[in-house]
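J.: how would this look folded up:
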Amino acid sequence: MTKEFFTETRLADGQIGIFYLGQVGFIIKYRDKYILIDGYLSDYVDKNCSSDAVKWIRRYPAPIDAEKLDFVDYVFCTHAHYDHADPYTLGKLNKVNKKAKYIVSAAIADTIASYGIAKENIIGLECDKKTSLCRDIAVTAIPSAHEEFHMDGNDNFLEVGFRFELGNISIYHGGDGCPYDGLEERISGCDILMLPVNGRDYYRTNVCDIIGCFDSTEAAIIAKRSGADLLIPTHFDLYDVNCINPAEFVDKLYRVNPGQKFHMFAPGERYIYSK
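T.: Numbering: from 1, shown residues only. Predicted structure coming up:
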């Protein structure tokens with residue numbers, strides 16, 4: 001991927017461009033604005049998080065270097081885990097891009113600042129309050145249950161998803177999380193759901209200290225119940241220790257929600273969406 005791959009993508013009115021960066025990372029283009037979500041473009045986890053129980057080894061390289069992202073306007077991190085708020089990626093991006101605003105849960109604003117991001121460029125959101133970013137772009141932080149809710153000392157959620165309103169198109173990016181009472185109502189009516197499907201189990205949680213997410217069946221069911229037009233599975237392809245065969249997702253989808261439109265991305269792929 002090159003910078004021009006994004007900037008020279010032409011969109012008609014009412015279209016958005018979705019570019020997949022791997023794991024749960026995306027760049028979304030709407031009009032002349034670029035939104036980076038959970039960009040993990042390094043091997044930080046491999047170098048800093050491996051243990052005797054778990055060896056983290058990327059299955060493919062990042063499709064673009066963070067130093068090429070000087071055009072990005074908004075940088076979102078759903079939570080502070082390093083494959084979502086990557087110190088290497090954020091540090092490189094900050095060196096080449098001083099206009100970007102970093103938008104996170106209020107609970108992790110100080111963590112993001114510790115990576116060298118100026119505090120005046122960080123917007124810490126409270127959940128369930130819509131914030132307008134510019135003309136026709138608004139965002140609402142939504143609590144995420146990363147197996148369970150985790151809070152700071154000020155009643156802010158450590159893990160969130162984001163509901164974006166881009167003109168008449170709405171997108172929910174779930175970050176990492178599991179179903180919970182109230183989530184369906186919060187994301188109801190979204191055109192696009194980006195949901196992790198790597199699942200969870202006893203051994204990953206209790207032996208490997210890997211906190212889990214939606215499984216494929218749960219993602220398919222909530223897409224159906226919330227009325228999503230398009231379901232995009234995430235968190236299935238980067239690390240062997242915490243991924244699934246995408247055929248499993250397709251099999252579960254066709255069993256419980258066979259009419260659901262979906263798109264399975266390859267790293268570096270571009271997808272144009274319109275209603």
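
J.: Now do the helices in this structure.
T.: Along the chain, counting by DSSP state H, helices occupy 3-7, 44-48, 87-96, 109-113, 183-187, 202-206, 216-226, 246-256.

J.: For those, could you give me CSV that also reports mean pLDDT and mean neighbour count?
T.: For every residue, glycine as well, the C-beta is placed using N, CA and C. Formatted as CSV, the helices of the chain follow (pLDDT from 0 to 100; neighbours: other CB atoms under 10 Å):
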stretch, mean pLDDT, mean neighbour count
helix 3-7, 95, 14
helix 44-48, 95, 15
helix 87-96, 96, 19
helix 109-113, 97, 18
helix 183-187, 97, 17
helix 202-206, 78, 11
helix 216-226, 96, 21
helix 246-256, 94, 16
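
J.: Quick check: which of those helices is nearest to I35?
T.: Evaluated with CB to CB, the helices of the chain place helix 3-7 nearest to I35, the distance being 11.1 Å.

J.: Which other helices and strands does the closest one contact?
T.: strand 15-22 (3 or more CB pairs under 8 Å, 6 or more residues apart in numbering; DSSP states H and E).

J.: quick one: strands adjacent to the strand it packs on?
T.: When pairing is defined by DSSP bridges, strand 15-22 lines up against strand 25-30 (antiparallel), strand 270-274 (antiparallel).

J.: if we can go back for a sec, nearest to S274, of the helices of the chain?
T.: When the helices of the chain are ranked by proximity to S274 (CB to CB), helix 3-7 comes first, at 17.9 Å.

J.: what's the closest one in contact with?
T.: Contact partners of helix 3-7, identified using CB atoms under 8 Å, 6 or more residues apart in numbering, comprise G17, F19, I27, K29, Y34, K68, L69, D70, F71, R270.

J.: Relative to Q15, how far out is the fourth one?
T.: The span separating K29 from Q15 equals 9 Å under the rule CB to CB, to the nearest Å.

J.: Isn't P87 up against Y44?
T.: Yes. With contact defined as CB atoms under 8 Å, P87 counts as touching Y44 (6.1 Å).

J.: CA atoms only for the least confident helix or strand in the chain by mean pLDDT, dumped as CSV, please.
T.: Least confident helix or strand, the chain: helix 202-206 with a mean of 78, by mean pLDDT, DSSP states H and E. The C-alpha trace of helix 202-206 is given here as CSV (Å, rounded to 0.1, in the frame of the first residue of the first chain):
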residue,chain,number,x,y,z
TYR,A,202,-10.6,-21.5,29.1
TYR,A,203,-7.1,-22.2,28.0
ARG,A,204,-6.5,-18.9,26.2
THR,A,205,-8.0,-16.9,29.1
ASN,A,206,-6.6,-18.8,32.0
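
J.: so who does the spatially closest residue to R204 that is not a sequence neighbour touch?
T.: Computed as CB to CB, 6 or more residues apart in numbering, the closest residue to R204 that is not its neighbour in sequence is I210, at 4.2 Å. I210 is in contact with V54, R204, V241, N242, counting by CB under 8 Å, 6+ apart.

J.: so where is this protein shaky, pLDDT-wise?
T.: The chain contains no residues with pLDDT under 70.

J.: quick revisit: in ChimeraX, how would I select just the buried ones from the contacts of helix 3-7?
T.: ChimeraX command restricting the contacts of helix 3-7 to the buried ones, with burial defined by 16 or more other CB atoms under 10 Å:
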select :17,19,27,29,34,68,69,71
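
J.: what's the distance between K95 and P61?
T.: Counting by CB to CB, the gap from K95 to P61 is 20 Å.
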